[in-house]
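K.L.:
Pasting a predicted model and its sequence here:
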Amino acid sequence: MAAGVAAAVRKARAARPGPATWFAVTVQAEPGELTGPDRPDALARLAETHEVRVTRAPGGRGSEIAVRAADGRTRQEVRAVKQLVETGEVLVVEGQPEGHRTMLGRAATPAFRHLTRRGPR
Amino acid sequence: MRALCWTGVNELAVEDVPEPRLLNRQDALVKVTASSVCGSDLHLLDGYVPTMMAGDVLGHEFVGEIVEVGPDVRERRAGERVTVCSIIGCGRCHYCREGLWSLCDNTNPNPGFLETLIGHATAGIFGYSHAMGGFAGSHAEYVRVPYADVNAFPVPDGVPDSSAVFASDAVPTGWMGADLGGVGPGDVVAVWGCGGVGQMAALASLRLGADRVIAIDRFPERLAMTAALGAETLDYREVDVLDALKELTGGRGPDVCIEAVGMESHGTGAQYAYDRAKQALRLQTDRGLSLRQAVHACRKGGTVSVLGVYLGLVDKFPMGAVMNKGLTLRGAQQHGHRYIPMILDRMSRGEIDASPLLTHPMSLEDGPKGYELFKEKREGCVRAVFHP
Ligand SMILES: NC(=O)c1ccc[n+]([C@@H]2O[C@H](COP(=O)([O-])OP(=O)(O)OC[C@H]3O[C@@H](n4cnc5c(N)ncnc54)[C@H](O)[C@@H]3O)[C@@H](O)[C@H]2O)c1
Ligand SMILES: [Zn+2]
Ligand SMILES: [Zn+2]
């Protein structure tokens, strides 16, 4: 009984998404374009510090890039790789017109950006 | 330049803001000639869409002239008059290629919020909160348009701004509502809401061959406009909508129910009071009166097509009706790119005229007043359009 509970707890722990889980995106590109010597620089750099897995996506949807233990910044980098490969550029929103920001708004912006851009984890 | 900014819940101001510049190589800059209010803005104005910041420029339904293009723009050029889709697509991701443009993977630089709220991030939208990308809107003299080749559509010469402006949002949204419902000959379609979106959904249904379209609202002038398009109308204050729809459809219920009201649905009676109270207490984010009604009214095996914007949770959603009646539930932010060329073409051939929606042409300086008229549906306002 106790052993069963302990096993269940271990299992729940293993299933719980933690920092060691994979962050994955699907990219419209052949796996060969993402693994060979011509792979994007940003992906090559990521692979120096992270475990990266590239597999073919089902249904002609290109490739799946999975990166292990991706923190917020890494997730942002992975998305940027995808966007660059698919569209040739990474969209920028800083530097657009904006009206008067309140003091509170200005103070909260970095944390707010962090959250909306990278997610809560 | 001047721009209409959101400055707080139910507060707007026209301010001096810096002019936009090209930020990416596939951008274009557009000089705005007409920019419309939309029911979606009311959800922002009323504070139901979080992630707005004081100083955000509003506006997503617009037409204008290209004044500058980035070095990687191939198709569009300066001098062209264009309708720009309210939804920003990239044109290259799997979703854009499948025609599901509002699900674009690449145009929302702020995916974190939506991923937490609904599981995945959807496309960026002009002037529609930081959760939807944080793009500056079109209620301004100039606006920056990303991926200009796929998001800006040249307007044929004979089509005036007063109609072309709605090819950006209201018309393709309405068209999508009918399309997602699979509307065709023999169908009876019911449309909840006779704003710009509902009227265009009624028109699209008729153009797609529906036998009958029944439109529901409470404002006489909006009902009359929809009747002028060829629909029958119901005033929900005067009749029991569910009874009336059964009677009008030989007991079957409409084949396709298009909901074009959204999360601030109005109503009569106890359910409305209940919804308002719960929403005010933030126990539900969205009021679902018209949505519930659409599901309840829909014929067995029919389709409910949701155009009205919902963002979070709707209380008392009749799941039992969906399951037991074998309904199909569809919805999306509009996949505008799929329909805009066809819509502009039909406009140039006189098959679609959206200009009656433009009840209030105004200067940008009158922006706050325009929103007030639109929000309160005063002076017969269906859409106020600003000419910066
Ligand atoms: N899916 C999309 O991409 C998309 C695009 C544009 C707008 N929208 C949404 O579509 C909805 C309508 O937009 P609009 O510009 O026409 O807005 P609008 O405010 O002009 O019109 C809404 C209409 O709904 C009516 N209404 C309210 N409660 C009702 C009820 N219980 N039954 C029947 N009618 C009711 C109102 O009287 C009003 O005429 C909004 O929620 C908007 O956010 C969605
Ligand atoms: Zn809109
Ligand atoms: Zn895309």
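P.N.:
Happy to help now that I have it. Ligands and ions are numbered 1, 2, ... in the order given.
K.L.:
Domains in chain B, by residue range?
P.N.:
According to automatic domain parsing, chain B comprises the domains B:2-169+B:334-387, B:173-331.
K.L.:
now check the shortest one, is it near ligand 1?
P.N.:
It refers to domain B:173-331. Yes. Interface with ligand 1: domain B:173-331 contributes B:173, B:192-198, B:216-219, B:222, B:236, B:260-262, B:265-267, B:289-290, B:307-309 (Cβ under 6 Å from any ligand atom). Glycine gets a C-beta too; all of them are placed from N, C-alpha and C.
K.L.:
Which PyMOL command selects the buried ones in those?
P.N.:
Selection of buried members from these for PyMOL, criterion 16 or more other Cβ atoms under 10 Å in any protein chain shown:
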select buried, chain B and resi 173+192+193+194+195+196+197+198+216+217+218+222+236+260+261+262+265+266+267+289+290+307+308+309
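K.L.:
Please narrow the residues of domain B:173-331 next to ligand 1 to those residing in helices.
P.N.:
Judged by DSSP state H, helices contain the following of the residues of domain B:173-331 next to ligand 1: B:173, B:196-198, B:222, B:289-290.
K.L.:
The most centrally placed residue in chain A: helix or strand, and which one exactly?
P.N.:
Centroid-nearest residue in chain A: A:R75, 2.5 Å away (criterion: Cα atoms, centre = their mean). Using DSSP states H and E, A:R75 maps to helix A:72-87.
K.L.:
in chain A, which spans are strands?
P.N.:
If DSSP state E is used as the criterion, the strands of chain A fall at A:22-27, A:52-56, A:63-68.
K.L.:
can I get those in CSV with distance to B:G331?
P.N.:
Formatted as CSV, the strands of chain A follow (distance: least, Cβ to Cβ, whole Å):
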stretch, distance to B:G331
strand A:22-27, 23
strand A:52-56, 31
strand A:63-68, 27
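K.L.:
for the ones you listed, which one sits closest to B:I340?
P.N.:
In terms of Cβ to Cβ, the element of the strands of chain A nearest to B:I340 is strand A:22-27, at 26.7 Å.
K.L.:
about what we covered before: let me know the angle separating the helix holding A:R75 from strand A:63-68.
P.N.:
170 degrees (axes from the mean of the first three to the mean of the last three Cα atoms, to 10 degrees).
K.L.:
does helix A:72-87 come close to ligand 3?
P.N.:
No. Using Cβ under 5 Å from the ion, we find that helix A:72-87 stays clear of ligand 3, coming within 7.4 Å at best.
K.L.:
quick one: that helix to strand A:22-27, angle?
P.N.:
Going by the same axes, to 10 degrees, helix A:72-87 makes 10 degrees with strand A:22-27.
K.L.:
Mind listing what's buried along the helix-or-strand element of chain B with minimal mean pLDDT?
P.N.:
Using mean pLDDT, DSSP states H and E, helix B:270-280 stands out as the lowest-scoring helix or strand of chain B, at a mean of 75. For helix B:270-280, burial by neighbour count (16+ other Cβ under 10 Å) applies to B:271, B:274-276, B:278-279.
K.L.:
what packs against the helix holding A:R75?
P.N.:
Other helices and strands packing on helix A:72-87, by 3 or more Cβ pairs under 8 Å, 6 or more residues apart in numbering or on different chains; DSSP states H and E, are strand A:22-27, helix A:41-49, strand A:63-68, helix A:103-118.
K.L.:
thinking again about what came up before, using CSV, lay out the domains of chain B together with distance to ligand 2.
P.N.:
Below are these laid out as CSV (distance: least, Cβ to the ion, whole Å):
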stretch, distance to ligand 2
domain B:2-169+B:334-387, 3
domain B:173-331, 7
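K.L.:
For chain A, find the nearest of the ones you listed.
P.N.:
The closest of these to chain A is domain B:2-169+B:334-387. By Cβ to the nearest Cβ, the value is 3.5 Å.
K.L.:
picking that back up, what's the closest of the strands of chain A to B:Q333?
P.N.:
Comparing those by Cβ to Cβ, strand A:22-27 comes nearest, at 20.6 Å.
K.L.:
Any part of the closest one near ligand 3?
P.N.:
No. Legend: contact between strand A:22-27 and ligand 3 by Cβ under 5 Å from the ion is lacking; minimum distance shown is 11.8 Å.
K.L.:
who does that strand touch, helix- and strand-wise?
P.N.:
Strand A:22-27 sits against strand A:63-68, helix A:72-87, with contacts defined as 3+ Cβ pairs under 8 Å, 6+ apart.
K.L.:
at 10 Å instead, please
P.N.:
Packing partners of strand A:22-27 (3 or more Cβ pairs under 10 Å, 6 or more residues apart in numbering or on different chains; DSSP states H and E): strand A:52-56, strand A:63-68, helix A:72-87.
K.L.:
can you list contacts of the second one?
P.N.:
Strand A:63-68 has contacts (Cβ atoms under 10 Å, 6 or more residues apart in numbering or on different chains) with A:19-35, A:43, A:46-47, A:49-58, A:74-75, A:77-78, A:81-82, A:85.
K.L.:
one more time with 7 Å
P.N.:
A:20, A:22-27, A:29-31, A:34, A:46, A:50-57, A:74, A:78 (Cβ atoms under 7 Å, 6 or more residues apart in numbering or on different chains).
K.L.:
For that strand, could you pull out the residues that count as buried?
P.N.:
A:63-67.
K.L.:
Including distance to B:G59 and mean pLDDT, could the strands of chain A go into a markdown table?
P.N.:
Putting the strands of chain A into a markdown table (distance: least, Cβ to Cβ, whole Å; pLDDT from 0 to 100) gives the following:
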| stretch | distance to B:G59 | mean pLDDT |
| --- | --- | --- |
| strand A:22-27 | 31 | 96 |
| strand A:52-56 | 41 | 97 |
| strand A:63-68 | 36 | 96 |
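K.L.:
Looking at those, spot the one closest to B:D157.
P.N.:
Using Cβ to Cβ, the strands of chain A put strand A:22-27 closest to B:D157, at 40.5 Å.
K.L.:
neighbouring contacts of the closest one?
P.N.:
The contact list for strand A:22-27, computed with Cβ under 7 Å, 6+ apart, reads A:34, A:57, A:61-68, A:70, A:75, A:78-79, A:82, A:85-86, B:94.
K.L.:
one step back: could the helices and strands packed on strand A:22-27 go into TSV alongside distance to B:F113?
P.N.:
Converted to TSV, the helices and strands packed on strand A:22-27 look like this (distance: least, Cβ to Cβ, whole Å):
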stretch	distance to B:F113
strand A:52-56	26
strand A:63-68	21
helix A:72-87	13
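K.L.:
Ok, which of these comes nearest ligand 2?
P.N.:
helix A:72-87 (24.3 Å; Cβ to the ion).
K.L.:
mind checking how far that closest one is from the chain centre?
P.N.:
7 Å (Cα atoms, centre = their mean, to the nearest Å).
K.L.:
then it to CSV, C-alphas only?
P.N.:
Provided in CSV are the C-alpha atoms of helix A:72-87 (Å, rounded to 0.1, in the frame of the first residue of the first chain):
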residue,chain,number,x,y,z
GLY,A,72,11.9,31.5,-20.7
ARG,A,73,14.8,33.0,-22.7
THR,A,74,15.5,29.8,-24.5
ARG,A,75,11.9,29.4,-25.4
GLN,A,76,12.0,32.8,-26.9
GLU,A,77,15.1,31.8,-28.9
VAL,A,78,13.5,28.6,-30.1
ARG,A,79,10.5,30.6,-31.4
ALA,A,80,12.8,33.1,-33.1
VAL,A,81,14.5,30.2,-34.9
LYS,A,82,11.2,28.9,-36.1
GLN,A,83,10.1,32.4,-37.3
LEU,A,84,13.4,33.0,-39.0
VAL,A,85,13.4,29.7,-40.8
GLU,A,86,9.8,30.1,-41.9
THR,A,87,9.5,33.8,-42.7
